[in-house]
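A.B. asks: Sequence first, then the predicted structure:
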Amino acid sequence: MPFHRYVALGDSFTEGVGDNDASLPNGVRGWADRVAEVLAGDDFGYANLAIRGRQLLPILADQIEPALEMKPDLVSIYAGANDVLRPRVDIDRLVAAYDQALGRVVDAGAHLLMFTAYDPGGSPVFGALRGRFAIYNELVRQVAEKHGATLVDFWRLRDYRDDRLWDVDRMHMSSLGHQRMAIAVLDALGIEHALTMPELPPVPLLTARERRTAHLEWAKAHAAPWVKRRLTGVSSGDNLSPRWPTLAPVER
């Protein structure tokens, strides 16, 4: 299944947050870059319009049209998790808009790559929203089936229960997590590749007191600012631009 014009859409998941690389735009790399590096060859271009913090409707409003103008043959999109985390959300309305917009992508001739959201059941902070995410994911699966999309079912990737695949903020994948996701994407697309998972670092052994201290430090450094942004309507991506706004060759 060769592709020549790949456009990635979405939020922090696709922008690459958690996979830090100061030499790249917005200081991150991410699974989509890694996938593009595998797909790259003669006559190949890659664009990434994803911006952290974006909710589903703004993603559709701001990213779909520019993507279609590039005439892609592969479009990936991850959207909706930031909405489901809000105090109030109409999941049916959101997914109906998602369905309509993705129909435009497929009608334009692009192959669609979609994702479910991660299962937050093991999270002490987001676990209470597990039912919401389950509903959202089932609707996403229906949309993917309707449009003949390739689906990466993040909910069912149980190895992400390992904290070592997550960044220190516990909200975004680490570099190891992005590598794992790139492998999942390429496998789902049926693309041969040589990506492998490096050996995971040892799990730190903490005393109960050290764990409590770590939880408190995390809450102060990451959870509290996250809550404040949502209460004030501020997004971590407000002053950012897309990392790769136009189709361009990929250096491997």
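C.D. replies: Thanks, I have the structure now. Numbers count the residues shown, from 1 in each chain.
A.B. asks: Can I take it that residue 125 is in a strand?
C.D. replies: No: read with DSSP: H, G, I helix; E, B strand; the rest coil, residue 125 is coil and lies in no strand.
A.B. asks: how close does it sit to residue 43?
C.D. replies: 45 Å (Cβ to Cβ, to the nearest Å). All C-beta atoms are positioned from the backbone trio N, CA, C, and that covers glycine.
A.B. asks: higher neighbour count, those two?
C.D. replies: Comparing residue 125 with residue 43 by neighbour count (other Cβ atoms under 10 Å), the higher total belongs to residue 125, at 16 against 8.
A.B. asks: OK, contacts around residue 240?
C.D. replies: Applying Cβ atoms under 8 Å, 6 or more residues apart in numbering, we find residue 240 in contact with 26, 51-52.
A.B. asks: How about residue 181?
C.D. replies: Per Cβ under 8 Å, 6+ apart, neighbours of residue 181: 31, 152, 154, 173.
A.B. asks: Could you dump those into TSV with distance to residue 183, pLDDT and neighbour count added?
C.D. replies: Formatted as TSV, the contacts of residue 181 follow (distance: Cβ to Cβ, whole Å; pLDDT from 0 to 100; neighbours: other Cβ atoms under 10 Å):
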residue	distance to residue 183	pLDDT	neighbour count
31	9	98	28
152	10	98	22
154	13	97	21
173	12	95	24
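A.B. asks: Most widely separated two among those residues?
C.D. replies: For the contacts of residue 181, with distances taken as Cβ to Cβ, the pair at the greatest spread is 152 and 173 (12.7 Å).
A.B. asks: in the chain, which spans are strands?
C.D. replies: 5-10, 45-48, 74-78, 111-115, 150-152, 244-248 (DSSP state E).
A.B. asks: Residue 124: what's it in contact with?
C.D. replies: So residue 124 contacts nothing (Cβ under 8 Å, 6+ apart).
A.B. asks: buried stuff in stretch 53-71?
C.D. replies: For stretch 53-71, the neighbour count (16 or more other Cβ atoms under 10 Å) marks 53-60, 63-64, 67-68, 70 as buried.
A.B. asks: Out of these, the closest to residue 11 would be?
C.D. replies: Looking across those and measuring by Cβ to Cβ, the closest to residue 11 is residue 54, at 4.6 Å.
A.B. asks: Now the nearest residue to that closest one once chain neighbours are set aside: phi and psi?
C.D. replies: In this structure, residue 54 finds its nearest non-sequential neighbour in residue 11, 4.6 Å apart by Cβ to Cβ, 6 or more residues apart in numbering. Residue 11 adopts backbone torsions of phi -120, psi -150, taken as degrees, to the nearest 10.
A.B. asks: Need the contact partners of stretch 25-37.
C.D. replies: Taking Cβ under 8 Å, 6+ apart as the rule, stretch 25-37 contacts 6, 8, 14-21, 24, 46, 48, 50, 76, 173, 175, 178-179, 181-182, 185-186, 195, 240, 243-244, 250-252.
A.B. asks: picking that back up, output the strands of the chain in TSV; the columns should cover distance to residue 191.
C.D. replies: What follows is the strands of the chain, written out as TSV (distance: least, Cβ to Cβ, whole Å):
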stretch	distance to residue 191
strand 5-10	11
strand 45-48	14
strand 74-78	10
strand 111-115	11
strand 150-152	10
strand 244-248	19
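A.B. asks: wait, which of those is closest to residue 102?
C.D. replies: strand 111-115 (6.1 Å).
A.B. asks: Tell me the helices and strands packed up against that closest one.
C.D. replies: strand 74-78, helix 91-107, helix 130-146, strand 150-152, helix 175-189 (3 or more Cβ pairs under 8 Å, 6 or more residues apart in numbering; DSSP states H and E).
A.B. asks: Cool, thanks, signing off.
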